[in-house]
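[1] curious how this folds, go ahead:
(chains A and B)
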Amino acid sequence: MSATLTKPVGLLAQYETPADLLHAALEVRNAGYKKWDVYSPFPIHGMDAAMSIKNSKVGYFTFTGAFIGFFAGMIMIWYMNKFDYPIVIGGKPLFTPLFAFPVSYEMTILLGAFGTLFGMAFLNRLPKLYNPLFNVERFKRATDDKFFVYIEAIDPKYSAESTRALLEKTGASAIEVVED
Amino acid sequence: MGNAAAIPAGSAPSAKKGSSHSAHAAPPKIVAAAPPRGLERDPLVLNNRPLGWITDTIAGVCEKPMPNWWWPAFIASFGGMMLMATLVAYLIATGVGVWGLNQPVAWAWDITNFVFWIGIGHAGTLISAVLCLLRQRWRTAINRAAEAMTLFAVACAGIFPVVHTGRVWMALWWLPPIPNNMAIWPQFRSPLLWDVFAVSTYGTVSLLFWYTGLVPDLATLRDRANSKIKQLLYGFFALGWTGSNRHWSNYEKAYLILAGLSTPLVLSVHSIVSFDFAVSQVPGWHTTIFPPYFVAGAIFSGFGMVLTLMLPMRALFHLEDIITVKHVELMCKVILATGSMVGYAYGMEFFIAWYGGSPYELYAFKNRAFGPYWWAYWSMITCNVISPHLFWFKKIRTNMVIVWIIAGFVNVGMWFERFVIIVTSIHRDYLPSSWGYFTPTWVDVFTFAGSFGLFMTLFLLFIRFLPAIAISEVKAVTPQADPHHPLGGAKEHHH
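    Take a look at the predicted model:
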């Protein structure tokens, strides 16, 4: 397989502790890189600020789903029990938002949850079953106990030498060229 | 966070002020020392285990061949599941008459089982959602298995109301809101229809939440896979997760929002289940205390089941460093708190039955305690009101065998609670001419017993193929994961 990998697409640096990774992330950000990311087995406290990542937009997707769910529930019940085929049962009103509330509420949560999950998948561009990083053997430990910084070759500031020098300076325990 | 610099006692006020970054003009001396004994928090993972050890231990459970007890346990559970399937087939082929229910007790064993299983599920969502919002970091060791338990309990619960309707083959047609052959729509003034929406939403959202939590751990299993098929399957469901921090950022937000959505959901589901009873006019059912009382009971029974499953799992797979005695103790305290609420609700129901002045209501309660079903009532009181109060004692909370036995009592007691509420209320209502007595048939009894087989089959398959503890979440609460802690690599004069 490795015979077909020829094009270098970036540099991957390995770190041993979350503190080293946080420190390296600050250095890479301050050096002005844009197309880069860090990888860790768990979310690291303070990393979003270190990478200058803005507050996630997942909430907008949740709100959209929840909003649609609530009104879809209300309109569905109004349509079925008041508009399309009204039947008086126990002298109760044909429609009020009160008895329609429990079902509309559940639909709010249902579609809100779908909005959250699909919104998260969309923002993260997942599923993405192939990733050039999977060609790197040591990257398997990104989901175990090692920490990585990856700077992509398409970044305007990227150069094979200076980027490597920067990563070396931050105390990487190993640096590897990622090929695709 | 973990090991904050402690200020020596005595120089408290001035030293405290100095500790906040004002480094000018003779900063007061800050001694970096461990907090005084007693204020220290117990670590959530014992023995300072390294991150790799956590991965190996948890992933190891589903990677290594199952221990010797697994196959006998699985075969027994599978047998129970098949028994249930056979009896459900017999019910469908013959008719609902094979069960003991009849007028006046038209809801009996089946709805008791439904409410019992739905209640069991609530602990999973409580642990994963409510404790997440309350920042109870100990939840990470138990949330995955508890959420799985929720899903399997909801699966068991769903079967009973569907098969009790008789013409089960119509279910696909009358569960979703579509018109019948007379073009009549389902009517949404009935709490039974609210229940359909509540339970199906609960099942679906629990599945989404559970799966969201699983994604990073599936990636771990993908990266550790030793065969192509494992790598493909885990890899497919891991969606290509890499642990990218740009992904974690959205993921964490999504997880928090899902917790925020599930918290009112879990409270609403059992409230709506209680509306099935409370919205009716039956003495013993028509009370406003039902929603909070059902929710407290659900959490109580759910934690009972979590302990019933978790204590053997902890011992058999040697997970004592991850599910520590402290975790067990905290769960015992939740049982104590919710058990007290349940006991209060029992007392308050009686008080209101007397104070409310309705002779039918008062009779329903006298009949519960001293009528023909007195044995069910007093079993419930013994298991639910007396047994949880043993958890006031630390000696009992830290003895795993006794905790397991008491958790069993909680399970039994909560089944009896539903039986008492449902059967004793309707077996004698307004007219003595229509009183009756319900006795279960063998089909009733073995269908319920078989549902435990279904539950355990699913749970055993879960621990066989999926990580039973949330690997990435457990790592995240260790000091090794904290970049500001010496164990996380923090150096002096560095952050």
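[2] so A:G10, which of the three states?
    strand (DSSP: H, G, I helix; E, B strand; the rest coil).
[3] pLDDT at it, what is it?
    Looking at A:G10, its pLDDT is 92.
[4] so what's it up against?
    A:P132, A:Y150, A:I151, A:E152, A:A153, A:Y158, A:V177, A:V178 (Cβ atoms under 8 Å, 6 or more residues apart in numbering or on different chains). For every residue, glycine as well, the C-beta is placed using N, CA and C.
[5] ok, B:Q187 next?
    A:N81, A:I87, A:I89, B:L193.
[6] PyMOL command to pick out the buried ones of those?
    Here is the PyMOL command that picks out the buried ones among the contacts of B:Q187, judged by 16 or more other Cβ atoms under 10 Å in any protein chain shown:
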select buried, (chain A and resi 81) or (chain B and resi 193)
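[7] one step back: and the furthest pair within the contacts of A:G10?
    Spatially, the most separated pair among these is A:P132 and A:Y158, at 14.7 Å (Cβ to Cβ).
[8] check which helix or strand covers B:I257.
    Applying DSSP states H and E as the criterion places B:I257 in helix B:245-278.
[9] swap in B:T201?
    helix B:191-224.
[10] angle of the helix or strand following that helix against helix B:191-224?
    As assigned by DSSP H and E, the chain's next helix or strand after helix B:191-224 is helix B:228-237. Between helix B:228-237 and helix B:191-224, the angle comes out at 130 degrees (axes from the mean of the first three to the mean of the last three Cα atoms, to 10 degrees).
[11] so how far is helix B:228-237 off the chain centroid?
    Centroid separation for helix B:228-237 versus its chain: 29 Å, with Cα atoms, centre = their mean, to the nearest Å.
[12] pull out the buried positions in it.
    Using 16+ other Cβ under 10 Å as the test for burial, helix B:228-237 gives B:Q231, B:L233, B:Y234, B:G235, B:F237.
[13] is it possible to get CSV of those that adds distance to B:M66?
    Formatted as CSV, those follow (distance: Cβ to Cβ, whole Å):
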residue, distance to B:M66
B:Q231, 20
B:L233, 18
B:Y234, 18
B:G235, 23
B:F237, 21
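[14] tell me the one among those nearest to A:P97.
    Nearest to A:P97 among those, with distances taken as Cβ to Cβ, is B:F237, at 40.0 Å.
[15] report the closest residue of chain A relative to chain B.
    A:T17 (2.5 Å; Cβ to the nearest Cβ).
[16] tell me if I'm right that that residue and B:H485 touch.
    No: the pair A:T17 / B:H485 is not scored as a contact, 9.8 Å apart, by Cβ atoms under 8 Å.
[17] and those two? which has more neighbours close in?
    A:T17 (24 against 20; other Cβ atoms under 10 Å in any protein chain shown).
[18] show the contacting residues for the closest residue to the more buried one other than its chain neighbours.
    Of all residues not flanking A:T17 in the chain, B:G489 sits nearest, at 2.5 Å (Cβ to Cβ, 6 or more residues apart in numbering or on different chains). By Cβ under 8 Å, 6+ apart, the contact set of B:G489 is A:E16, A:T17, A:P18, A:A19, A:D20, B:P483.
[19] is it true that A:I175 touches A:E168?
    Yes: here A:I175 reaches A:E168: they are 6.7 Å apart, a contact under Cβ under 8 Å.
[20] the two: which has the busier surroundings?
    A:I175 (15 against 11).
[21] show me what contacts the more buried one?
    By Cβ under 8 Å, 6+ apart, A:I175 lies in contact with A:L11, A:L12, A:A13, A:Q14, A:R164, A:L167, A:E168.
[22] one more time with 10 Å
    In this structure, A:I175 makes contact with A:L11, A:L12, A:A13, A:Q14, A:V149, A:T163, A:R164, A:A165, A:L167, A:E168, judged by Cβ atoms under 10 Å, 6 or more residues apart in numbering or on different chains.
[23] my read is the last one is in a helix, agree?
    Yes: with three-state DSSP as the criterion, A:E168 is assigned to a helix.
[24] against A:V177, how distant is it?
    14 Å (Cβ to Cβ, to the nearest Å).
[25] repeat that for the second one.
    For A:L12, the distance to A:V177 under the criterion Cβ to Cβ works out to 8 Å.
[26] the fourth one now?
    If you measure A:Q14 against A:V177 using Cβ to Cβ, the figure is 13 Å.
[27] which element is the residue nearest to the spatial centre of chain B on?
    Residue closest to the average C-alpha location in chain B (Cα atoms, centre = their mean): B:A123, at 2.0 Å. In the assignment (DSSP H and E), B:A123 maps to helix B:109-125.
[28] B:S244 contacts A:T143, correct?
    No: proximity of B:S244 to A:T143 does not meet the contact threshold set by Cβ atoms under 10 Å, at 11.1 Å.
[29] for the nearest residue to B:F350 once chain neighbours are set aside, grab phi and psi.
    Of all residues not flanking B:F350 in the chain, B:F365 sits nearest, at 5.5 Å (Cβ to Cβ, 6+ apart). Backbone torsions for B:F365, taken as degrees, to the nearest 10, come to phi -80, psi -40.
[30] give me the neighbour count for B:F365.
    That count, for B:F365 with other Cβ under 10 Å as the rule, works out to 22.
[31] so what's B:V325 up against?
    B:V325 sits next to B:D42, B:L46, B:R314, B:R397, B:T398, B:N399, B:M400, B:V403 when contact means Cβ under 10 Å, 6+ apart.
[32] same question for the first one, what's its three-state structure.
    Read that as B:D42. Following three-state DSSP, B:D42 is assigned to coil.
[33] before we move on, back to that, list the residues that contact the residue of chain A closest to chain B.
    A:23, A:145-147, A:171, A:173, B:51, B:480-481, B:483, B:485-491.
[34] narrow those residues to just the buried residues.
    For the contacts of A:T17, buried by 16+ other Cβ under 10 Å: A:23, A:145-147, A:171, B:51, B:480-481, B:483, B:485-490.
[35] following the lengthiest helix in chain A, which helix or strand shows up next?
    Criterion DSSP state H: the longest helix present in chain A is helix A:97-123. Using DSSP H and E, the helix or strand that follows helix A:97-123 in sequence is strand A:147-152.
[36] export that next one as PDB, just CAs?
    Taking C-alpha atoms only, strand A:147-152 is exported to PDB below (Å, rounded to 0.1, in the frame of the first residue of the first chain):
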ATOM      1  CA  PHE A 147      -1.200  13.700  21.200                       C
ATOM      2  CA  PHE A 148      -0.600  15.100  17.700                       C
ATOM      3  CA  VAL A 149      -0.300  18.300  15.800                       C
ATOM      4  CA  TYR A 150      -0.900  18.100  12.100                       C
ATOM      5  CA  ILE A 151      -0.100  21.000   9.700                       C
ATOM      6  CA  GLU A 152      -1.400  20.600   6.200                       C
END
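[37] what about residue 46, how many neighbours?
    I went with chain A, as the question did not name one. With other Cβ under 10 Å as criterion, A:G46 counts 16.
[38] I was after chain B.
    13.
[39] thinking it is in contact with B:V474, fair?
    No: using Cβ under 10 Å, B:L46 is not in contact with B:V474; the gap is 11.8 Å.
[40] between these two, what contacts are shared?
    Joint contacts of B:L46 and B:V474 (Cβ under 10 Å, 6+ apart) are B:I322.
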